[in-house]
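[1] pasting a predicted model and its sequence here:
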Amino acid sequence: MENKHLELVRKLRHELHMHPELSNEEVWTKQRLLSFIQEHSKLEIVDKGNWFYAIYHAGEGKRNIAFRADFDALPMEESLDIPHASRIPGKAHKCGHDGHSASLAGFALEVDQKGADHNIYFLFQPAEETGDGAIQCVGFIKEHSIDEIFSYHNMSGMRFKTVHVIEGTAQFASKGMTIRMEGSPAHASQPEDGVNPAFALANIINRIPEFTAPENHKGLVLCTVVQVDIGEKAFGMSASRGELLLTIRAQYEEELDQLQDDLEKLAIAQAEAYGIKTVTISYQDEFPETKNHKESIAKVRKVCREKGIEVVDMPEAWRASEDFGHYTKATKGAMVYIGNGEDYPQIHTYEYDFRDEIIETAVELFKGLASVK
């Protein structure tokens, strides 16, 4: 990667870090990235409102290859004393999406100046953290007949600047599930006069180990209790309302669907058993299984061999979710991981900051993929 480009994108990364914006609020971030591409390249830009993509045209009959980066931040305070610290209270780039976008921007500059063997699409995506950013953008795959799409995520606990790969499921499917029950109030001395959802919700919690038992599944299935909110802080009242918040997660989507169905049926059955008239079940932060295609991972391996980048096979999928899976349902592709260092602070922690040194690794990998046959 050219030094002048590397310095530009490092500066860009620091700018993005100083101005974090949450999912679906990335007005400044999107415009800054778009302006950067306009200022430093001649690439065609397609502005889609809260997201955009740039295009390098290699010519008719060439394959269409896409590369994606996310650019939203997290609702966390900045605790690090660094020159490029977040200037926005309660918001910070603690997942490294600032680095992902800076890497893609640097790659765009390199392709603009040096060319590529395929038509290259540079996709800058919002709202990965809430799971709906890729949903907004996935139509782009069909519209442009994208043959293959790639992305990377920085990852701590992995050797510095190594590329980690896995075929098949790379990240779990998950969703946030809220079970709400409405009964009727009563005096605490006469609970039989009301309808209290506490036992119904407790029984759901008690069945979770049965629903997630490893011996009943081909992959890992998890159900995490996030919050239980029952009744009011009034010792003279028997609770009449309650909410149970769960994160349900599975290595394979069909097993997530089965867990969801089991929990829904149980919630309805428990409500009937306790005389609860109203049960509502809702979902948010829904993520698909991210599944890597074998052919795409083979290309990553080939490029890394040619460029002397160390490749490490992941022994198992990463449990966290990624909305990149929407793209690999629509076309071939792969999500890979570049190591921050084995002892580097984990993403989503106060001590974390994206390591600028891995930008060059990402750009060189992407450059190789832009020309591999």
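    On my side now, so go ahead.
[2] helices along the stretch 151-300 of the chain, start to end?
    Applying DSSP state H, counting those that start in this stretch to the stretch 151-300 of the chain gives helices spanning 198-211, 253-273, 294-307.
[3] not counting its own residues, what contacts the first one?
    Put plainly, it is helix 198-211. Residues from elsewhere that reach helix 198-211, judged by Cβ atoms under 8 Å, 6 or more residues apart in numbering: 179, 181, 221, 223, 225, 228, 230-231, 239, 242, 244, 259, 262-263, 266-267, 270-271, 273-274, 276. For the C-beta atoms, the positions are set from N, CA and C on the backbone; glycine is no exception.
[4] same thing but 7 Å
    Applying Cβ atoms under 7 Å, 6 or more residues apart in numbering, the set of residues contacting helix 198-211 from outside is 179, 181, 223, 225, 228, 230, 239, 242, 244, 259, 262-263, 266-267, 270-271, 274, 276.
[5] ok so, going back, closest one to Phe287 among the helices of the stretch 151-300 of the chain?
    With Cβ to Cβ, the closest approach to Phe287 among the helices of the stretch 151-300 of the chain belongs to helix 253-273: 9.6 Å.
[6] report all helices and strands that that closest one contacts.
    Under the contact criterion of 3 or more Cβ pairs under 7 Å, 6 or more residues apart in numbering; DSSP states H and E, the helices and strands touching helix 253-273 comprise strand 173-182, helix 198-211, strand 221-230, strand 241-250, strand 278-287.
[7] ok, which of those comes nearest Ile149?
    Distance to Ile149, taken as Cβ to Cβ, is lowest for strand 278-287 among the helices and strands packed on helix 253-273, at 16.7 Å.
[8] any idea of the mean pLDDT in the closest one?
    Computed over strand 278-287, the mean pLDDT rounds to 97.
[9] if we go by neighbour counts, what in that strand is buried?
    Within strand 278-287, the residues scored as buried using 16 or more other Cβ atoms under 10 Å are 279, 285-287.
[10] any idea which element the residue positioned nearest the centre of the chain lies in?
    Nearest to the centroid of the C-alpha atoms of the chain, with distances taken as Cα atoms, centre = their mean, sits Glu322, at 3.0 Å. With elements taken from DSSP states H and E, nothing contains Glu322; it lies in neither a helix nor a strand.
[11] shouldn't it be in contact with Met335?
    Yes - here Glu322 reaches Met335: they are 6.3 Å apart, a contact under Cβ atoms under 7 Å.
[12] overlap in contacts, the two.
    Residues touching both Glu322 and Met335 comprise 171, 290, with contact defined as Cβ under 7 Å, 6+ apart.
[13] my guess is Arg87 meets Met18, correct?
    Yes - Arg87 is in contact with Met18 according to Cβ under 7 Å; the separation is 5.1 Å.
[14] who's more crowded, those two?
    Summary of the neighbour comparison: Arg87 and Met18, criterion other Cβ atoms under 10 Å, with Met18 having more neighbours (18 against 11).
[15] below-threshold pLDDT in the stretch 51-200 of the chain: ranges please.
    Counting by pLDDT under 70, the stretch 51-200 of the chain contains no low-confidence residues.
[16] and the strands in it?
    With DSSP state E, counting those that start in this stretch applied, the stretch 51-200 of the chain shows strands at 52-56, 64-70, 119-125, 148-156, 163-165, 168-171, 173-182, 186-187, listed in chain order.
[17] same list, the ones you listed, but as CSV with distance to His14 and mean neighbour count please.
    Compiled in CSV, the strands of the stretch 51-200 of the chain are given as follows (distance: least, Cβ to Cβ, whole Å; neighbours: other Cβ atoms under 10 Å):
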stretch, distance to His14, mean neighbour count
strand 52-56, 21, 21
strand 64-70, 16, 25
strand 119-125, 18, 26
strand 148-156, 16, 24
strand 163-165, 24, 22
strand 168-171, 28, 22
strand 173-182, 32, 21
strand 186-187, 59, 14
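[18] would CSV of the ones you listed with distance to Lys94 be doable?
    What follows is the strands of the stretch 51-200 of the chain, written out as CSV (distance: least, Cβ to Cβ, whole Å):
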stretch, distance to Lys94
strand 52-56, 24
strand 64-70, 13
strand 119-125, 18
strand 148-156, 11
strand 163-165, 20
strand 168-171, 18
strand 173-182, 19
strand 186-187, 46
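[19] nearest to Ser79, of the ones you listed?
    Ser79 lies closest to strand 148-156 among those, at 16.5 Å (Cβ to Cβ).
[20] contacts for that closest one, please.
    The contact list for strand 148-156 (Cβ under 7 Å, 6+ apart) reads 65-69, 96, 99, 164, 296, 324, 327, 331-341, 344-347, 354, 358, 362, 366, 369.
[21] run the last query once more with 6 Å
    Defining contact as Cβ atoms under 6 Å, 6 or more residues apart in numbering, one finds that strand 148-156 is touched by 65-68, 96, 99, 296, 324, 327, 331-338, 340, 344, 346, 358, 362, 369.
[22] quick one: strands adjacent to that strand?
    When pairs are called by DSSP bridges, strand 148-156 turns out to pair with strand 64-70 (parallel), strand 332-341 (parallel).
[23] who wins for proximity to Gln171 among those strands?
    Taking Cβ to Cβ, strand 332-341 is the member of the strands paired with strand 148-156 nearest to Gln171, at 7.0 Å.
[24] CA-only coordinates of the closest one in PDB, if you can.
    Output of strand 332-341 as PDB, limited to C-alpha atoms (Å, rounded to 0.1, in the frame of the first residue of the first chain):
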ATOM      1  CA  LYS A 332     -20.900 -16.100  -2.800                       C
ATOM      2  CA  GLY A 333     -18.600 -14.500  -0.400                       C
ATOM      3  CA  ALA A 334     -16.700 -14.500   2.900                       C
ATOM      4  CA  MET A 335     -16.100 -12.700   6.200                       C
ATOM      5  CA  VAL A 336     -12.600 -13.000   7.500                       C
ATOM      6  CA  TYR A 337     -10.900 -11.800  10.600                       C
ATOM      7  CA  ILE A 338      -7.600  -9.900  11.100                       C
ATOM      8  CA  GLY A 339      -5.900 -10.200  14.400                       C
ATOM      9  CA  ASN A 340      -5.300  -7.300  16.800                       C
ATOM     10  CA  GLY A 341      -3.000  -9.400  19.000                       C
END
